[in-house]
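[1] make a model of this:
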Amino acid sequence: MTSIVINIGNTNIRFGLFEDANCDVSWIINTKPYRTSDELQMQFMMMYQTHNIVPADIDKVIIGSVVPQLTYDISRALQKMHGQRPTVVDRKTSSGVQAKSSQMGTDIYANLVAAHNLYPDNKKIIFDFGTALTASCVDESGETLGVIIAPGIITALNSLIHDTAQLPEIELVKPKSVLGLDTVSCMQSGMVYGYLGMVEGFIDRINAEVRDECYVIATGGVSHVYKPLTEKIHVADRLHTLKGLYFLGKDL
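    A predicted model of the protein is given here:
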């Protein structure tokens with residue numbers, strides 16, 4: 001089965017082309033500014049052409065969203081393109097994971113579902129480095145053990161830049177040393193090592209609370225920055241959330 005899976009986030013919209021459970025083609029567009037369904041359809045068609053995707057060849061379209069005002073317009077645009085109503089999944093969609101909260105976001109639920117399907121033999125922690133930094137934990141039976149939500153790295157960095165008069169925009173990369181001697185390296189150290197310390201601290205505290213050594217997955221836009229810096233993160237997978245949406249929608 002060939003599927004297009006779309007994750008509508010607060011900052012980005014990520015698309016993935018799935019052949020059964022494998023995703024080898026993906027792309028991202030910016031969530032803002034908001035566009036009409038006609039404008040979205042034109043933009044989506046351009047991306048399809050770039051990746052040589054023919055809408056008629058797609059068997060299923062799956063959408064997960066944390067931006068309700070965009071869900072309708074994107075669904076409408078994709079329905080026009082594919083001639084089929086997209087399958088919209090959320091925390092109410094049945095799976096092997098118990099969401100346990102009516103407030104759980106679709107992205108967090110999808111992260112738990114993907115971890116439960118891909119790594120079934122351990123308790124798992126999934127860090128999503130998105131607009132918010134989230135850490136969610138699920139056990140071997142699919143029971144949700146809990147979630148942590150903190151300000152995202154880029155969100156915090158943008159706030160730091162916009163609310164100060166002399167701090168510049170920077171590239172989020174590992175600095176040469178922890179102690180910086182210029183503004184850019186000082187900021188890079190604060191954002192990279194500051195958040196790395198937060199992530200490692202969360203892992204230690206969660207492991208102590210659940211009395212186990214959890215398997216740790218990192219996903220989201222800047223997860224690749226943090227994975228090489230610690231042995232506490234076992235795998236980084238930018239497509240982890242998309243995979244969870246696929247598992248949620250493939251049989252609907």
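[2] quick one: residues contacting the spatially closest residue to L118 that is not a sequence neighbour.
    Once flanking residues are discounted, L118 sits nearest to K243: 6.9 Å by CB to CB, 6 or more residues apart in numbering. Every residue, glycine included, has its C-beta placed from N, CA and C. Neighbour list for K243: A21, C23, A110, A114, N117, L118, D237 [criterion: CB atoms under 8 Å, 6 or more residues apart in numbering].
[3] next up, the contacts around the fifth one.
    What that stands for is N117. Counted by CB under 8 Å, 6+ apart, N117 has contacts G96, K243, G244, F247.
[4] my guess is the third one contacts T106, does it?
    No - contact status for G244 versus T106: not in contact, 9.1 Å apart, counting by CB atoms under 8 Å.
[5] before we move on, back to that, hmm, which of the contacts of N117 are the buried ones?
    Using 16 or more other CB atoms under 10 Å as the burial test, those include K243, G244, F247 as buried.
[6] doesn't the first one belong to a helix?
    Read that as K243. Yes - counting by DSSP: H, G, I helix; E, B strand; the rest coil, K243 is located in a helix.
[7] picking that back up, nearest to Q49, of the contacts of K243?
    Closest approach between these and Q49, by CB to CB: C23, at 19.2 Å.
[8] can the buried ones among the contacts of N117 go into JSON lines with extra columns for distance to Y195?
    Converted to JSON lines, the buried ones among the contacts of N117 look like this (distance: CB to CB, whole Å):
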{"residue": "K243", "distance to Y195": "24"}
{"residue": "G244", "distance to Y195": "23"}
{"residue": "F247", "distance to Y195": "28"}
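[9] redo the residues you listed as CSV? Include distance to R14 and pLDDT.
    Output for the buried ones among the contacts of N117, formatted as CSV (distance: CB to CB, whole Å; pLDDT from 0 to 100):
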residue, distance to R14, pLDDT
K243, 11, 98
G244, 12, 98
F247, 16, 98
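[10] before we move on, back to that, which ones among the contacts of K243 map onto strands?
    C23 (DSSP state E).
[11] of all the contacts of K243, which comes closest to G142?
    Relative to G142, the closest of the contacts of K243 is N117; by CB to CB it sits at 9.6 Å.
[12] distance of that closest one from T219?
    Using CB to CB, to the nearest Å, N117 is found at 14 Å from T219.
[13] give me the buried positions along the worst-scoring helix or strand of the chain on mean pLDDT.
    Within the chain, confidence by mean pLDDT, DSSP states H and E is lowest for helix 153-162 among all helices and strands, at a mean of 90. Neighbour counts using 16+ other CB under 10 Å place I153, I154, T155, A156, L157 of helix 153-162 among the buried residues.
[14] which neighbouring elements make contact with the following helix or strand past it?
    Downstream of helix 153-162, the first helix or strand assigned by DSSP states H and E is helix 183-210. On a contact count with 3 or more CB pairs under 8 Å, 6 or more residues apart in numbering; DSSP states H and E, helix 183-210 meets strand 124-129, strand 132-138, strand 144-151, helix 153-162, helix 223-226.
[15] turn the ones you listed into a markdown table, columns for distance to R35.
    Shown next, in a markdown table, are those (distance: least, CB to CB, whole Å):
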| stretch | distance to R35 |
| --- | --- |
| strand 124-129 | 25 |
| strand 132-138 | 24 |
| strand 144-151 | 27 |
| helix 153-162 | 22 |
| helix 223-226 | 27 |
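[16] tell me which of these is the most buried.
    strand 124-129 (a mean of 26; mean count of other CB atoms under 10 Å).
[17] relative to the whole chain's centre, how far out is it?
    Relative to the chain's own centre, strand 124-129 is displaced by 9 Å; criterion: CA atoms, centre = their mean, to the nearest Å.
[18] who does whichever helix or strand A77 is part of touch, helix- and strand-wise?
    Using DSSP H and E, the element containing A77 is helix 68-82. Here helix 68-82 touches strand 2-8, helix 37-50, strand 60-65, going by 3+ CB pairs under 8 Å, 6+ apart.
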